[in-house]
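S.K.: dropping a prediction and its sequence here:
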Amino acid sequence: MSIIECRDLTKNFGKIRALNNLSFNIEENTITGLVGRNGAGKSTLLKIMAGYLQKTEGEIKVWGEDPFNNLQVSANMIFIDDNMPMPQTLSLIEILEWGSKFYKNWDMDIARGLLDYFSLAPGHFHSHLSRGLKSTFNVIVGIAARCPLTLLDEPTTGMDAAVRKDFYRALLKDYLKHPRTIIVSSHLLNEIQDILEEVLLIREGAKYLHMSISDLKEYGIGLLGKKEILEKIIEGEEVFHREELGKDTYYYVIRNTLKDQKVQEIKLAGVEIKPVTAEDLCVYLTAGKKGGIDSVFNGK
Amino acid sequence: MKLNTDGTKPLYVQISQWLETEILSGNIQKDEKIYSQYQLAEMFNINPATAAKGLNILADEGILYKRRGLGMFVSPRAKEKILKKRKNDTLRQLVWELVTESEHLGVEEEELFKMIREVKEEGRDDK
């Protein structure tokens, strides 16, 4: 069952178009990764789903209703990002205790357990925490709330590698026990991909692709070899990326539609076939058309 | 087992191969219930849908069978099927690579057979 349905969703901020005719569905009880470059519209999209922002045109339905100004949606949804306003006068443990009054599925044992595990002092104040610790506390709230729709916008900002790893595991474990719909935006696809089911990649406010993570990992294929051999192979193929590696040697990333037969032929011609990670692929798919960072320095 | 996440082999394929190895080694017997997608997800820290994909490969090949509402179980002829599959796929692929490489190097068939026999001999001596 789809719990979020988006049709031709558009959002303008003045003259700037942040979201452009976005259409997709999110299925219930899945973990979806929302991926895209800075400024692609990830946060705007999440905030519209959360009901924080009003759409300009098109349609968005969360549980069949428009999320903006909607009590039903706000009661069953939590949105976590690093601008979450937290009460200045309450200690961390007091904030968590208040959480149980706001969210009906709130699990205080998990909240206390995570607070203790991540060595956050219950008596501290949110405004005194470092950036990484603030993020850690915010995701504790996000997990403990157990909302049927959990939206996490760049939840790991500022966290160190060990905490990020623990957080992903905690999120997965709690999801296995209490399935719910989770959408998490992140730049670090490599770290989060294992716990994802779906990936929604957006580029300049529009949907670029929406598919299962396992399909995405097989979507592209890298070919490394001599220029003239490669140029024959890639004729008529969809090319995502091209890179010059030394004299006459090229690295191409193309759409993976090659049949086993052709793969064998390519290998025989001396071309190396390399897997393309989901993260690299997303970078190639959303790359600007300006010829990369080098072009700035080459004065072109 | 630790999953290899460099992208060379899809996670669900690694899951299905790990389960095959568990069956071959006798850790899971025939007609015994195999791990659920949720157990695998927890064990390997992966999405349960990925784990389900690994299980479904084996169900499609008849290595596992489904019992409604109870989960998946190891087929009575699972070992046989896995061995056959590995012979037809994995071993064949290795042989293909062997033959291709020997052609590159201009190694004659008889010489290649001799090398195979020698390697087998060495293997026997080691045991």
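M.R.: Everything's here; your move.

S.K.: which residues sit against the top helix by length along chain A?
M.R.: For chain A, the helix that runs over the most residues, judged by DSSP state H, is helix A:161-177. For helix A:161-177, the external contacting residues (Cβ atoms under 8 Å, 6 or more residues apart in numbering or on different chains) are A:31, A:110, A:114, A:117-118, A:132, A:136, A:139, A:143, A:146, A:155-156, A:159, A:182, A:184, A:188, A:191-192, A:194-195, B:38, B:41-42, B:45-48. C-betas here are computed from N, CA, C, even on glycine.

S.K.: just want the most central residue of chain B.
M.R.: residue B:17 (4.1 Å; Cα atoms, centre = their mean).

S.K.: buried subset of the contacts of helix A:161-177?
M.R.: Buried positions within these, assessed by neighbour count (16 or more other Cβ atoms under 10 Å in any protein chain shown), are A:31, A:110, A:114, A:118, A:132, A:136, A:139, A:143, A:146, A:155-156, A:159, A:182, A:184, A:191-192, A:194-195, B:41-42, B:46-48.

S.K.: and the contacts of the helix or strand encompassing residue B:116?
M.R.: Using DSSP states H and E, residue B:116 maps to helix B:109-126. For helix B:109-126, the external contacting residues (Cβ under 8 Å, 6+ apart) are B:98, B:99, B:102, B:107.

S.K.: closest one to residue B:2 out of those residues, please.
M.R.: Distance from residue B:2 was checked for each of the contacts of helix B:109-126 by Cβ to Cβ. The minimum falls on residue B:98, at 28.6 Å.

S.K.: what's the neighbour count on the nearest residue to that closest one once chain neighbours are set aside?
M.R.: Taking Cβ to Cβ, 6 or more residues apart in numbering or on different chains as the measure, residue B:98 lies nearest to residue B:112, with 7.5 Å between them; neighbours along the chain are not counted. By the other Cβ atoms under 10 Å in any protein chain shown criterion, the neighbourhood of residue B:112 contains 16 residues.

S.K.: where does the stretch 151-300 of chain A dip in pLDDT?
M.R.: The stretch 151-300 of chain A contains residues with pLDDT under 70 at A:288-291, A:299-300.

S.K.: for residue A:25, give the beta-bridge partners.
M.R.: Note on residue A:25: beta-bridge partners residue A:5, judged by DSSP bridges.

S.K.: surely it and residue A:1 touch.
M.R.: No: using Cβ atoms under 8 Å, residue A:25 is not in contact with residue A:1, being 9.6 Å away.

S.K.: and the two? which has more neighbours close in?
M.R.: In this view residue A:25 and residue A:1 are compared by other Cβ under 10 Å, and residue A:25 has more residues nearby, 13 against 7.

S.K.: and the pLDDT for the more buried one?
M.R.: Looking at residue A:25, its pLDDT reads 96.

S.K.: residues contacting it?
M.R.: Contacts of residue A:25 by Cβ under 8 Å, 6+ apart are A:2, A:4, A:5, A:6.

S.K.: please indicate which of those residues are buried?
M.R.: A:4, A:5, A:6.

S.K.: now do the last one, the pLDDT please.
M.R.: At residue A:6, the predicted lDDT confidence score is 95.

S.K.: and it, how close does it get to chain B?
M.R.: In this view, residue A:6 and chain B are 21 Å apart by Cβ to the nearest Cβ, to the nearest Å.

S.K.: and chain B, is stretch A:141-155 touching that?
M.R.: No: against chain B, stretch A:141-155 shows no contacts by Cβ under 8 Å from any Cβ of the partner chain, the least distance being 15.0 Å.

S.K.: please identify the helix or strand for residue B:65.
M.R.: For residue B:65, the element it lies in under DSSP H and E is strand B:64-67.

S.K.: any idea how far that strand is from the chain center?
M.R.: Relative to its chain's centre, strand B:64-67 lies at 19 Å (Cα atoms, centre = their mean, to the nearest Å).
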